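Colleague: predicted model, plus sequence, below.
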Amino acid sequence: MDISKFTSRKFLLVAGLVLAILVFLATFPIYGSNSAVGVWIIIMMYVILTVSWVMFSGSTGYMSLAVAAFFGIGAYTAAFLYPRTPGPLLPLPAVIIAGGLVSFIFALLVGLVTLRLKGMYFAIFTFGLSVLLYHIMVFYELQIQGFRGQRLTPITNQTAFYIVLVILVLTVLAAYLIRRSRLGLAMQSIGESEDAAAHMGVNTTMVKVITFAISAFFMGAAGAALAPKWGYIDPTVAFNMFYSFMPVLMAVFGGMRELYGPVVGAVIFAYTERALRLRFPYQYMLAFGIVLILIIIFLPGGLTGLVPKLQDKLRGVIARLRKGGQSEQHVNT
Amino acid sequence: MSSETVVRVIVSGILNGGVYALAAMGLSIQYGVARVLNLSHGEFIMVAAWLTWTFFTRLEINPLISVAITAPFFLGIGFLIHRTLFTTLKNKAPSPAAFEGNSLLVAFGLLYIVQNIALLIWGGLPRTYVWLSGGVNILGVQFSLNSVIALAVALALGVAFYVFVSRSRPGKAIRAAAEDPATAGLMGININRVLPLCFGLGALLAGIAGVLLSMCYPVSTSMGLNYTVIALIVVALGGLGSIPGSFIGGFILGIVGSIVAQLESTLVMVSFYAILMILLVARPKGLLGKS
């Protein structure tokens, strides 16, 4: 094995940074206040949703708006397996995995039917799917169950924090591995040109369906983890279209070329959301719309897309400083 | 089911269908020509409904007069939105597909902006006003006068729009741009004026649909998305760019909606979304594609 790869400066830097973040997060509940722990749960939830959204949509270019659907399915799976009365039917880790699996299977079925749809149609379908599930659950609760909402056996913020952290680590790990695998390459080629990818022997349907389902697994697991943390869910909480739009915005904002782009975008947005959305709900959503439009028009590469540009600029400035004022004069004359 | 119920269900479906057709025509011209799948279409309908409500309850101007203020306002707003946002986006986009994807996201942004401005102004509670709610007898069943007027206005507007697109010079430019924007541009059509015009006309139709809806139904800030979906379904049923098709699609959806409402009123939106998704899967070539 080539050991120099693991001793290069860049690798050590990245590894050190990741380790530092992990240590910070893992020890956070020990010294952080309960409400701060709660905030970090939400931030990590958005990172999970965004990274898993980018896992599929970022490279293939298929814009999925089904995040709310998979998140809600996970949340409702947890509600049925971990109810307040008559008490939990399964241990918590099993409930989380079940939430992910139900979403996974649902995504497989949906993917097989719909991934033939190109571009816009796929976006509309997934959008409709989320809203349809919302309306179905409203109907189920009001007409069949007879009352609104589901009560769950509540878990503490501490427990929820560690569960969400584990899901987060697994999501990022999966995203990293997929990017580096044949699957990731196949998805990228689909994003570049689906016809060309198919001609090169990529089984495009298979690749799309599998990654769609893998990404849905993490979204479902996140939903299953958040539901008992809240202790109560109803269709408005579980199938909120906000969960579908936020990851898109976070990913676009952060930039999708690098793995850390969506993470950066999600952390910034989730934090401002916690700080502002409850106090100024309408103004916050209004600003959300404006920022979304500005980013799409003026910042197509996202925030991290600026990094290489800035590096170039910086190098240019440094080079000019080294050469001194002489070259400036040359340019001027 | 008594014959009276059958008449009531079918006629009220047709009465709704006229407004659905207007909404669909708006979406159809925005996507068919300007290639913007405007998911904020329903929000324009919602704002127009609120404006009409405000005119009626605050200034006592009746809807058929205030529409003369609302309609040009929406035409102008739509034109400006395209001229500023979507034209910039179009010039920056590397490919038509990239433009469509990005314009969908921008439309999401617009949805949030418009909806939350409306929430700040009018709040989240639904409101109604009463205007010409007297009964009209159709085949032995009473219907309110305002819903009959709404259908009449929608039909008249449909005919006017049809004549505009098929006979007038701007209509010809619009049809040429729908066919092939690049070639139309080479033939001397100012594409940077025609596309904003189409978007503006779409907003205008949404505006009038909103005025008509406010006459018959409660106005609420959350009504927009449902009408966007209704417009999408009607376009899918009637075909993109076909005005008679929009009316046929609108009437079909209106009748389906009133049948479902008769059986189980909470399932109306479920059935609409289900229809949308079945249409998408059944016609993968493109729900909104030109045949």
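Modeller: Noted; the coordinates are in hand. Fair warning: this is a prediction, and the values are worked out from it, not measured in the lab.
Colleague: so which residues on chain A come close to chain B?
Modeller: Residues of chain A lying close to chain B by C-beta under 8 Å from any C-beta of the partner chain are A:61, A:63, A:113-114, A:116-121, A:123-125, A:127-129, A:131-132, A:135-136, A:138-139, A:142-143, A:245, A:248, A:252, A:282-283, A:285-286, A:288-293, A:296-297, A:300. For glycine as for every other residue, the C-beta is placed from the backbone atoms N, C-alpha and C.
Colleague: rerun at 6 Å
Modeller: Counting by C-beta under 6 Å from any C-beta of the partner chain, the positions of chain A adjacent to chain B are A:113, A:116-117, A:120-121, A:125, A:128, A:131-132, A:135-136, A:139, A:282, A:285-286, A:288-289, A:292-293, A:296-297.
Colleague: any idea of the pLDDT on the residue nearest the centre of chain A?
Modeller: Nearest to the mean C-alpha position of chain A, by C-alpha atoms, centre = their mean, lies A:Thr50 at 1.6 Å. pLDDT, A:Thr50: 93.
Colleague: would it count as being in a strand?
Modeller: No: membership of A:Thr50 in a strand is not supported by DSSP: H, G, I helix; E, B strand; the rest coil, which gives helix.
Colleague: for the chain, which helix is longest?
Modeller: Went with chain A since none was named. helix A:204-230 (DSSP state H).
Colleague: my bad, the chain I had in mind was chain B
Modeller: Identified as the longest helix of chain B according to DSSP H is helix B:3-32.
Colleague: send me the least confident helix or strand in chain B by mean pLDDT as CSV with only the CA atoms.
Modeller: Of all helical and strand segments in chain B, the minimum by mean pLDDT, DSSP states H and E falls on strand B:135-138, at a mean of 78. What follows is strand B:135-138, C-alpha atoms only, in CSV (Å, rounded to 0.1, in the frame of the first residue of the first chain):
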residue,chain,number,x,y,z
GLY,B,135,-79.7,31.9,-7.0
VAL,B,136,-80.0,31.0,-10.6
ASN,B,137,-82.1,28.1,-11.7
ILE,B,138,-80.3,25.6,-14.0
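Colleague: and the contacts of stretch B:145-159?
Modeller: The contact list for stretch B:145-159, computed with C-beta atoms under 6 Å, 6 or more residues apart in numbering or on different chains, reads B:15, B:18-19, B:22, B:132-134, B:136, B:212, B:215-216, B:243, B:247.
Colleague: from the chain's centre, how far out does that stretch sit?
Modeller: Remark: stretch B:145-159 is offset 14 Å from the chain centroid, using C-alpha atoms, centre = their mean, to the nearest Å.
Colleague: ok, stretch B:222-242 next?
Modeller: 7 Å.
Colleague: related to what we said a few turns ago, and the longest helix of chain A, what's buried?
Modeller: A:204, A:207-229 (16 or more other C-beta atoms under 10 Å in any protein chain shown).
Colleague: which residues touch the one residue in the stretch 101-250 of chain B that gets nearest to chain A?
Modeller: Closest contact between the stretch 101-250 of chain B and chain A, by C-beta to the nearest C-beta, is at B:Tyr112 (3.3 Å). Listed by C-beta under 6 Å, 6+ apart, the contact partners of B:Tyr112 are A:Met285, A:Phe288, A:Gly289.
Colleague: got it, and B:Val281?
Modeller: B:Val281 touches A:Val113, counting by C-beta under 6 Å, 6+ apart.
Colleague: pretty sure it is in a helix, no?
Modeller: Yes: using three-state DSSP, the assignment for B:Val281 is a helix.
Colleague: strands along the stretch 101-250 of chain A, start to end?
Modeller: A:150-151, A:232-233 (DSSP state E, counting those that start in this stretch).
Colleague: what parts of the stretch 151-291 of chain B come near chain A?
Modeller: Counting by C-beta under 6 Å from any C-beta, the residues of the stretch 151-291 of chain B close to chain A are B:Thr266, B:Met269, B:Val270, B:Tyr273, B:Leu276, B:Met277, B:Leu280, B:Val281, B:Pro284, B:Leu287.
Colleague: cross these against helices and list the overlap.
Modeller: Secondary structure from DSSP H places B:Met269, B:Val270, B:Tyr273, B:Leu276, B:Met277, B:Leu280, B:Val281 of those in helices.
Colleague: which among these count as buried?
Modeller: Judged by 16+ other C-beta under 10 Å, buried ones among those: B:Met269, B:Val270, B:Tyr273, B:Leu276, B:Met277, B:Leu280.
Colleague: flag whichever of those residues scores worst on pLDDT.
Modeller: The lowest pLDDT within these belongs to B:Leu280, with 80.
Colleague: give me the neighbour count for the closest residue to A:Ala222 other than its chain neighbours.
Modeller: Spatially, and ignoring its direct neighbours in sequence, A:Ala222 is nearest to A:Ile48 (4.7 Å; C-beta to C-beta, 6 or more residues apart in numbering or on different chains). Neighbour count of A:Ile48, defined by other C-beta atoms under 10 Å in any protein chain shown: 28.
Colleague: now do A:Ile48 against B:Val6, distance only.
Modeller: 52 Å (C-beta to C-beta, to the nearest Å).
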